[in-house]
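Participant: Got a sequence here, can you model it:
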Amino acid sequence: MMRPLHIFTKREAYFLVAAAMFTGFFASLLMQNLLPDEDVPVILDRSVIFLGELAFLVAPLIILRQRGLGIWDVIPLRPVSPTTYLMALVMVAGTIGVVSIYEVLVLPYFPMPDFLVQLEQELSRGGIMSLTILIIAGSVAAPLVEEFIFRGLLQQSLFYRYGSILPAILVPTVIFAIFHVAYLFYLPAFIELLALAVLLGWLMVKTGNILIPILVHALFNLSSFSTMLFPDLEAMETLGDIGLPWMVVSVLLLIGGWLYFKFMPVASQEEVYLIQPVIGEES
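Facilitator: As a prediction, the model looks like this:
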C-alpha cells in the first residue's frame with residue numbers, strides 16, 4: 001500500500017529550496033572561517049565538507065517540524081520492482097561510460113580554469129581516512145540531501161501543481177545547476193551537470209521513487225573519484241586509450257536503460273495532500 005504524499009505549494013517549495021541553499025552555504029562558510037588559517041588537518045577540512053552537505057537539510061527539517069510533518073511524509077517512495085533498480089544501474093553504468101568518451105573528445109579544447117585545477121589538487125590531498133570522508137560526503141551525503149531537496153520537495157510540488165513533466169524537470173534542473181556554482185564557469189562540466197540533472201528528474205518522473213535518482217546520483221558522483229582511487233585512469237586521453245569494446249558496451253547500456261524507462265508510464269501518487277501555506281496563496 002502506498003503512503004500518501006504531502007507536497008508544499010509552489011511558492012513555499014521555492015522558499016524551502018532557497019532557505020536550504022542559504023543555510024547550507026552559510027554554515028559551510030562559517031565552519032571554514034572557524035578553521036585556523038594555516039596547517040589545517042586535511043581530515044578536519046574534509047569533515048567540514050561533509051557537515052556542510054548535511055547543513056542543507058536544517059531549514060527543510062525545521063519547517064517540516066513546525067508543520068507537524070515527518071520527513072517520510074514528503075518523500076516520494078512509490079513501489080518499484082527489483083528490475084527497475086537493476087535497469088537504473090545499467091543506465092548509470094552506460095552514462096558513466098559515455099561521459100568518459102565525451103570528456104576525451106571535448107576536454108582538450110576547453111582548458112580547465114585555474115581555480116578548478118587548484119580545487120581538484122586540494123581535494124586530492126590527504127590519506128585514506130580523508131579520502132573516505134570526502135567520498136562519503138560526495139557519494140552518500142550529497143545525493144541524499146540534494147535529491148531530497150530538488151527531486152523530492154521541489155519537483156513534486158511543481159509536478160502536482162502543473163500536472164506537467166516539463167516544468168517539474170526544467171526548474172529543478174536550472175536551480176540544481178546554480179547550486180553547483182563552481183561549474184557554471186566551465187562549459188564541459190556545466191553541460192554534464194545539466195545532463196545529469198535532466199536524467200535524475202526524468203527518472204523521478206518515471207518511477208515516482210526518490211531512491212532511483214539517489215542511486216544514480218550516488219554512483220555518478222562516485223565515478224568522479226575514480227582518478228583519485230585509480231591514478232592510471234588519468235592517462236586515458238584518446239579514444240584508443242578507452243578502447244572500442246568499452247565504448248560500444250557503454251552506448252548499448254545507456255540505450256538499453258533509456259528504452260526501459262522510456263516505455264515506463266509516468267508515475268503518480270493516488271493520494272496527494274497539499275500542505276496549507278502559512279500565508280494564503282494559490283495551490
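Participant: Run through the helices of the stretch 51-200 of the chain in chain order.
Facilitator: With helices called from DSSP state H, counting those that start in this stretch, the stretch 51-200 of the chain shows them at 58-66, 82-106, 114-124, 128-136, 142-146, 155-162, 165-179, 187-207.
Participant: counting contacts, what elements does the last one pack onto?
Facilitator: Same thing as helix 187-207. Here helix 187-207 touches helix 82-106, helix 155-162, helix 165-179, helix 211-223, helix 244-262, going by 3 or more CB pairs under 8 Å, 6 or more residues apart in numbering; DSSP states H and E. Glycine gets a C-beta too; all of them are placed from N, C-alpha and C.
Participant: circling back to that earlier point, mind checking the helices of the stretch 51-200 of the chain for the one nearest to Val48?
Facilitator: Proximity to Val48, assessed across those by CB to CB, is greatest for helix 128-136 (9.8 Å).
Participant: Determine which of the helices of the stretch 51-200 of the chain shows the lowest mean per-residue pLDDT.
Facilitator: The weakest mean pLDDT among the helices of the stretch 51-200 of the chain belongs to helix 114-124, with a mean of 83.
Participant: picking that back up, make TSV from the helices and strands packed on helix 187-207 and add mean neighbour count and distance to Pro60 to it.
Facilitator: Output for the helices and strands packed on helix 187-207, formatted as TSV (neighbours: other CB atoms under 10 Å; distance: least, CB to CB, whole Å):
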stretch	mean neighbour count	distance to Pro60
helix 82-106	17	25
helix 155-162	23	12
helix 165-179	18	14
helix 211-223	21	16
helix 244-262	15	28
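Participant: got a markdown table for these, with distance to Ile75 too?
Facilitator: Formatted as a markdown table, these follow (distance: least, CB to CB, whole Å):
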| stretch | distance to Ile75 |
| --- | --- |
| helix 82-106 | 17 |
| helix 155-162 | 9 |
| helix 165-179 | 15 |
| helix 211-223 | 9 |
| helix 244-262 | 20 |
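Participant: residue contacts, the residue lying closest to Leu254 once chain neighbours are set aside?
Facilitator: Once flanking residues are discounted, Leu254 sits nearest to Gly94: 3.0 Å by CB to CB, 6 or more residues apart in numbering. If a contact means CB atoms under 8 Å, 6 or more residues apart in numbering, then Gly94 has Val249, Ser250, Val251, Leu252, Leu253, Leu254, Ile255, Gly256, Gly257 as its contacts.
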